[in-house]
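J.: Let me see the structure of the following:
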Amino acid sequence: MTAEIVILNWNGRDHLRTFLPSVVAAAPAGVGVTVADNGSTDDSAEVLAREFPTVRVVRLGRNYGFAEGYNRALREVDAECFVLLNSDVETPAGWLEPLLEVLEREPDVAAVAPKLRSWRDRASFEYAGAAGGYLDLLGYPFCRGRILRCVERDEGQYDDERDVFWVSGAAFCCRAEVFRELGGFDASFFAHMEEIDLCWRMRIAGRRVRIVPRSTVYHLGGGTLKAQSPAKVYFNHRNNLAMLFKCAPAPQRLLTAVVRPPLDALAALSYLAQGRWRNFCAVGRAWWWFLRHHRELARARRRIQATRRAFAGTYVYRGSVVLRYLAGRRTFGRMM
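T.: Model prediction:
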């Protein structure tokens, strides 16, 4: 199986210098490394040409965001498997081979990912994906190793290889054929949750998504948008609503239509109480975008549901991860 590692870069000169050497060193024989530059205004291009001459560079001209940036970059890649890496991921030797082995062995698996540990605290899971992701009934994502803001230490408790609902886009390995069949990432997402949306669409189409913990990488995190920045709050709320509308089965969609508005209103009011006016406004802007784009989302839902080959709710937690968290149950344990 041919594979290509593709890193999307936007003004990430320092990340490239810190993390790209490990990616190049750990790339198996025959696997190339491509950096797609998303319209950087720093000297990323010069650094790549001078310090990483073996790395292929695809110039995108402007910042298309994570979703459309990757869609455009991957049109220039000829491989059976796309290996997407954030620019702030360190890869040890031997990390990629187990992922490719699973794709070779199990043809109905569309996407696989390694276990994500924190680059700063290497004994802990990393927030963005830990050891594989799930959704609760209201659409809130969580992971084996991370429930909301509570991140666990990695003590081998989630080292079993298994199917999951979603895997992190920080280190995302997928079949190129399936990626193209499903239209890639939803370009309207720009950034955040596009990989969850794609994994959900893969599962609807009858494909599997799998975590492979015998492979581990180290992710810095927060390289593009800082945690709880207004932009991140906006994209997380907006894209989550869009994803649920497009992909959720009718009963789940009805439940979220009733319950999510008051919950999101509470979230907005909590920001206001903390004096974070821009975050308060971000939640409102997210809902305004969702309502304005209702027709486009309805058309997308019809297209997605027409591909349905399987029930995708197997890995949905039949409860509220928020209530579980507030009750003090803040580790994954045996909940799924």
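J.: How about Glu195, nearest residue that isn't a chain neighbour?
T.: Gly169 (3.4 Å; C-beta to C-beta, 6 or more residues apart in numbering). For glycine as for every other residue, the C-beta is placed from the backbone atoms N, C-alpha and C.
J.: Touching stretch 52-62 from outside, list them.
T.: 16, 20, 24, 32-39, 45, 48-49, 69, 72-73, 76 (C-beta atoms under 8 Å, 6 or more residues apart in numbering).
J.: Next, the distance between the ends of it.
T.: End-to-end distance for stretch 52-62, by C-alpha to C-alpha, to the nearest Å: 22 Å.
J.: C-terminal to the lengthiest strand in the chain, what's the next element?
T.: Longest strand in the chain, counting residues (DSSP state E): strand 208-219. Downstream of strand 208-219, the next assigned helix or strand under DSSP states H and E is helix 230-247.
J.: average model confidence for that following helix?
T.: Averaged over helix 230-247, pLDDT sits at 96.
J.: Thought Ser168 was touching Ala113, still the case?
T.: Yes: with contacts counted by C-beta atoms under 8 Å, Ala113 reaches Ser168, the gap being 6.0 Å.
J.: Who has more neighbours out of those two?
T.: Ala113 (31 against 27; other C-beta atoms under 10 Å).
J.: That one in helix, strand or coil?
T.: Using DSSP: H, G, I helix; E, B strand; the rest coil, the secondary structure recorded for Ala113 is strand.
J.: which residues does the closest residue to it other than its chain neighbours contact?
T.: Spatial nearest neighbour of Ala113, chain neighbours left out: Val167 (3.4 Å); criterion: C-beta to C-beta, 6+ apart. By C-beta under 8 Å, 6+ apart, Val167 lies in contact with 111-113, 129, 132-133, 195, 199, 209-211.
J.: low-confidence ranges in the protein?
T.: 223-227, 313, 336 (pLDDT under 70).
J.: which stretches of it form helices?
T.: 13-26, 44-51, 65-74, 97-105, 176-181, 194-204, 230-247, 250-273, 277-292, 294-306, 321-326 (DSSP state H).
J.: elements contacting the first one?
T.: Okay, so that is helix 13-26. strand 3-9, strand 32-37, helix 44-51, strand 89-90 (3 or more C-beta pairs under 8 Å, 6 or more residues apart in numbering; DSSP states H and E).
J.: what sits up against it?
T.: 5, 7, 9, 33, 35, 40, 42-44, 47-48, 51-52, 54-55, 85, 87-96, 220, 223.
J.: returning to what we had before: what residues are shared contacts of Ala113 and Ser168?
T.: Gly129.
J.: any idea which of the helices of the chain is most buried?
T.: helix 194-204 (a mean of 26; mean count of other C-beta atoms under 10 Å).
J.: distance between it and the chain's centre?
T.: In terms of C-alpha atoms, centre = their mean, to the nearest Å, the centre of helix 194-204 is found 10 Å from the chain centre.
J.: which other residues reach that helix?
T.: Contacts for helix 194-204 (C-beta under 8 Å, 6+ apart): 66-67, 110-111, 133, 135, 141, 165-169, 172, 174, 178-179, 182, 184-186, 189, 208-209, 239, 242-243, 246-247, 304-305, 307-310, 312, 315.
J.: tell me the angle of that helix relative to helix 230-247?
T.: Orientation check (axes from the mean of the first three to the mean of the last three C-alpha atoms, to 10 degrees): helix 194-204 against helix 230-247 gives 10 degrees.
J.: How about the contacts made by the residue nearest to Glu177 when sequence neighbours are not counted?
T.: In space, and not counting its chain neighbours, Glu177 is closest to Glu80: 7.4 Å by C-beta to C-beta, 6+ apart. Residues near Glu80 by C-beta under 8 Å, 6+ apart: 1-3, 175-177.
J.: leaving aside the residues next to it on the chain, what's closest to Ile211?
T.: That would be Gly132: by C-beta to C-beta, 6+ apart, it lies 3.4 Å from Ile211.
J.: so that neighbour makes contact with Pro114?
T.: No: the pair Gly132 / Pro114 is not scored as a contact, 10.2 Å apart, by C-beta under 8 Å.
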